[in-house]
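**Student:** next input, structure requested:
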Amino acid sequence: MNSIFGKLGAGLAGILLASQASMFSQTSELGIFSAHGDIGSVGKPGLAQFDAARGSYRIAGGGENMWFTNDAFHYVWKLATGDLLLAADIRLVGTNGNANRKAGLVIRQSLAADSAYVDAVVHGNGLTSIQYRETPGGPTREVQARIFQPGRVRIEKRGDYVSLSAGDAGGVLEPTGGSFRIQFTEPFYVGLGVCAHDNAAIEQAEFSNVELRPELVSPMPTNRAQMKVQSTLEVVLIASGDRRIVYHTRDHIEAPNWSRDGKYFLFNQDGRIYKLPVEGGKPEVLNTGLATRCNNDHGISPDGTQLAISDQTQDGKSRIYLLPITGGTARLITSNAPSYWHGWSADGQTLAYCAERNGEFDVYTVPAAGGEEKRLTVALGLDDGPDYSPDGKYIYFNSVRSGLMQIWRMKADGTEQAQLTKDDYNNWFAHPSPDGRWLVFVTFEKDVTGHPANQDVRLRLMPAGGGEIRELAKLFGGQGTINVPSWSPDSRSVAFVSYQRVEP
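**Tutor:** Coordinates of the predicted model:
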């Protein structure tokens, strides 16, 4: 042990994790926490010290990683129940360690290495993220924040949702966005953790001004549509399910389109269309002429030169318009209303949309140049969300004709309509990837009617021809999350909007 103490310095020399006969240490000298110990297999045991005079914790941790299906790190914890907030100023000690070493706030279901968990961590290279494993032995995923090297980090658990806030030490913390849903059985563990990301090393971090308190959450309002929320534009990687925050705002935004050149997003807010660089920044309003009541049904032509919008300025009923992608006068395409745009044909010559005619909502097409509309679905009940396959042969849509809302596919002329999903959920707005391999869609619970806002939803992925469905993300969303095509041009990522409830 002397070599370890020599590396860590005299300040930690008197604190030993445990005897060889005991896995964890129980001590009354850990401030608000009750015990500490190594989680998983570590090459070098960790240490912990609480400085009561300064109210700070110095933690040294080894371990290969906190990732994949198992973790290895040093943990200081207590048992907890209910909703809570945990915050701390975090400072990694030294600059020569692994760039991916981590120090953070950790909630775990158990002390097993493969436990379900969520943490808010600051990496050695400054990356700040929420990491989580939903089930024992399952994969770890993360939501990367835009803020780097914050002085203070806060994790909040409200019901089944966990979120991250960050900022300067001593300053006002701002939500980073990207909340997600994960379930813990009470009691669970909450505390501080350090991982060296190098099993042959020990790394240190200091946690000061540590705050742990219950969160008081008001009941969910009956009318969720009027709930005040904040919005986050995110990107999820198809291969890993990892998420990245692009833009967070206290305003209500909806329905991102990813530009055909991959350089920017379009989304709607308060009736206007906004343009945002793909790396984030400040959105700029796009000139849509007299069309200033745009809803969340909009999209970019295959050649990237035009934008289709659905606007209600004329008389409060949605109609479809086209305008140059750079902005300008909006040209009316559908005189009949209401009409809600959803897809471009591969050659850019035809628009697909949902329209209500004589009390029935069905899928229609119309020439992009204008002309007579053509009805493609005639089944009783709602048919919605049409989007073309990239080769132009098919139109994907969602239909309630089988009882629950499910994903269907038909040929572009409306023939050979076939059901693709047959599960116990309500599935909406299927969008095929540019390479034609995948469909991404949003899923509501069985008892949810329509596609309302502010619901527990999932983004899910399946092969374009149907087949096994894979879950990409669980989030608070629904209306506005992924109404329109939002794939990256390389088919590797999907953009969407998640929401967080703002307490009254």
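**Student:** from now on I want contacts and neighbour counts done on CA atoms only, so please keep to that.
**Tutor:** OK.
**Student:** which residues sit against stretch 317-334?
**Tutor:** By Cα atoms under 8 Å, 6 or more residues apart in numbering, the surrounding residues in contact with stretch 317-334 are 286-291, 300, 304-312, 335-341, 366, 368-371, 373.
**Student:** quick one: mean pLDDT over that stretch.
**Tutor:** Mean pLDDT, computed over stretch 317-334, is 98.
**Student:** restricting to C-alpha, output that stretch in PDB.
**Tutor:** Provided in PDB are the C-alpha atoms of stretch 317-334 (Å, rounded to 0.1, in the frame of the first residue of the first chain):
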ATOM      1  CA  LYS A 317     -56.600  25.700 -41.600                       C
ATOM      2  CA  SER A 318     -53.400  24.100 -42.700                       C
ATOM      3  CA  ARG A 319     -52.400  24.200 -46.300                       C
ATOM      4  CA  ILE A 320     -49.200  23.200 -48.100                       C
ATOM      5  CA  TYR A 321     -46.800  25.800 -49.600                       C
ATOM      6  CA  LEU A 322     -43.400  25.600 -51.300                       C
ATOM      7  CA  LEU A 323     -40.700  28.200 -51.100                       C
ATOM      8  CA  PRO A 324     -36.900  28.400 -51.900                       C
ATOM      9  CA  ILE A 325     -34.700  26.700 -49.300                       C
ATOM     10  CA  THR A 326     -33.000  30.100 -48.700                       C
ATOM     11  CA  GLY A 327     -36.400  31.700 -47.900                       C
ATOM     12  CA  GLY A 328     -38.800  33.800 -49.800                       C
ATOM     13  CA  THR A 329     -42.400  33.900 -51.000                       C
ATOM     14  CA  ALA A 330     -44.500  30.800 -50.200                       C
ATOM     15  CA  ARG A 331     -46.400  29.400 -53.100                       C
ATOM     16  CA  LEU A 332     -49.700  27.700 -52.400                       C
ATOM     17  CA  ILE A 333     -49.900  24.100 -53.500                       C
ATOM     18  CA  THR A 334     -53.100  22.700 -51.900                       C
END
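**Student:** buried residues, that stretch. List them.
**Tutor:** 318-325, 327, 330-334 (16 or more other Cα atoms under 10 Å).
**Student:** for the closest residue in space to residue 277 that isn't next to it in sequence, what are its contacts?
**Tutor:** Leaving aside its sequence neighbours, residue 277 sits nearest to residue 264 (Cα to Cα, 6 or more residues apart in numbering; 4.2 Å). For residue 264, the contact set (Cα under 8 Å, 6+ apart) comprises 258, 275, 276, 277, 278, 279.
**Student:** for residue 264, give its distance to residue 33.
**Tutor:** 46 Å (Cα to Cα, to the nearest Å).
**Student:** so which of the contacts of residue 264 is the closest to residue 413?
**Tutor:** The shortest approach to residue 413 among the contacts of residue 264 belongs to residue 258, at 26.8 Å (Cα to Cα).
**Student:** residues touching that closest one, list them.
**Tutor:** Applying Cα under 8 Å, 6+ apart, the residues near residue 258 are 264, 265, 266, 485, 486, 487, 488, 489, 495.
**Student:** taking the centroid of this structure, which residue is nearest it?
**Tutor:** residue 178 (4.7 Å; Cα atoms, centre = their mean).
**Student:** so where does that one fall, helix or strand?
**Tutor:** Counting by DSSP states H and E, no helix or strand carries residue 178.
**Student:** please apply the same query to residue 415.
**Tutor:** Here residue 415 is assigned to no helix or strand, by DSSP H and E.
**Student:** that one: neighbouring residues, count only.
**Tutor:** By other Cα atoms under 10 Å, the residues close to residue 415 number 12.
**Student:** with adjacent residues omitted, what lies nearest to it?
**Tutor:** residue 376 (8.0 Å).
**Student:** right, and that neighbour touches residue 410 too?
**Tutor:** No - in this structure, residue 376 is not within contact of residue 410 by Cα atoms under 8 Å, at 9.1 Å.
**Student:** now, which of the buried residues of stretch 317-334 lie within strands?
**Tutor:** The members of the buried residues of stretch 317-334 that map onto strands under DSSP state E are 319, 320, 321, 322, 323, 324, 331, 332.
**Student:** the first one pairs with what?
**Tutor:** When bridges are called by DSSP bridges, residue 319 pairs up with residue 311.
**Student:** now the helices for the stretch 1-150 of the chain?
**Tutor:** Here the stretch 1-150 of the chain has its helices, by DSSP state H, counting those that start in this stretch, at 2-8.
**Student:** okay, now the unreliable bits of it?
**Tutor:** 1-28 (pLDDT under 70).
**Student:** can you rerun that using 90?
**Tutor:** For the stretch 1-150 of the chain, the stretches flagged by pLDDT under 90 are 1-29, 95-96.
**Student:** list the buried residues of the longest strand along the chain.
**Tutor:** Longest strand of the chain, by residue count under DSSP E: strand 203-214. Neighbour counts over strand 203-214 (16+ other Cα under 10 Å) mark 203, 204, 205, 206, 207, 208, 209, 210, 212 as buried.
**Student:** what's the nearest residue to the second one once chain neighbours are set aside in contact with, if anything?
**Tutor:** Beyond its immediate neighbours in the sequence, the residue positioned closest to residue 204 (Cα to Cα, 6+ apart) is residue 60, lying 4.2 Å away. Under the criterion of Cα under 8 Å, 6+ apart, the neighbours of residue 60 are 8, 46, 47, 48, 74, 194, 202, 203, 204, 205.
**Student:** for residue 217, grab the count of nearby residues.
**Tutor:** Neighbours of residue 217 under the rule other Cα under 10 Å: 12.
**Student:** pretty sure it sits against residue 501.
**Tutor:** No - contact between residue 217 and residue 501 fails when scored by Cα under 8 Å: they sit 10.2 Å apart.
**Student:** so how far is stretch 108-128 from its chain's centroid?
**Tutor:** 17 Å (Cα atoms, centre = their mean, to the nearest Å).
**Student:** my guess is residue 97 meets residue 203, correct?
**Tutor:** Yes - Residue 97 is in contact with residue 203 according to Cα under 8 Å; the separation is 7.0 Å.
**Student:** just the contacts of residue 264: which are in strands?
**Tutor:** 258, 275, 276, 277.
**Student:** is the third one in a bridge, and if so with what?
**Tutor:** So that's residue 276. Under the criterion used (DSSP bridges), residue 276 bridges to residue 265.
**Student:** how far does the longest strand of the chain sit from its chain's centre?
**Tutor:** On Cα atoms, centre = their mean, the centre of strand 203-214 falls 26 Å from that of its chain.
**Student:** same check on stretch 151-167?
**Tutor:** 14 Å.
**Student:** pull out the buried residues from that stretch.
**Tutor:** 151-158, 161-167.
**Student:** just to revisit the earlier point, turn the contacts of residue 258 into CSV, columns for pLDDT.
**Tutor:** Shown next, in CSV, are the contacts of residue 258 (pLDDT from 0 to 100):
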residue, pLDDT
264, 98
265, 98
266, 98
485, 97
486, 98
487, 98
488, 98
489, 98
495, 98
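**Student:** residue 121: which of those residues is nearest?
**Tutor:** When the contacts of residue 258 are compared against residue 121 (criterion: Cα to Cα), the nearest one is residue 495, at 23.6 Å.
**Student:** returning to that earlier point: contact partners for the residue nearest to residue 415?
**Tutor:** Residues near residue 376 by Cα under 8 Å, 6+ apart: 362, 363, 364, 365, 413, 414, 415.
**Student:** so residue 102 versus residue 127, what's the distance?
**Tutor:** 9 Å.
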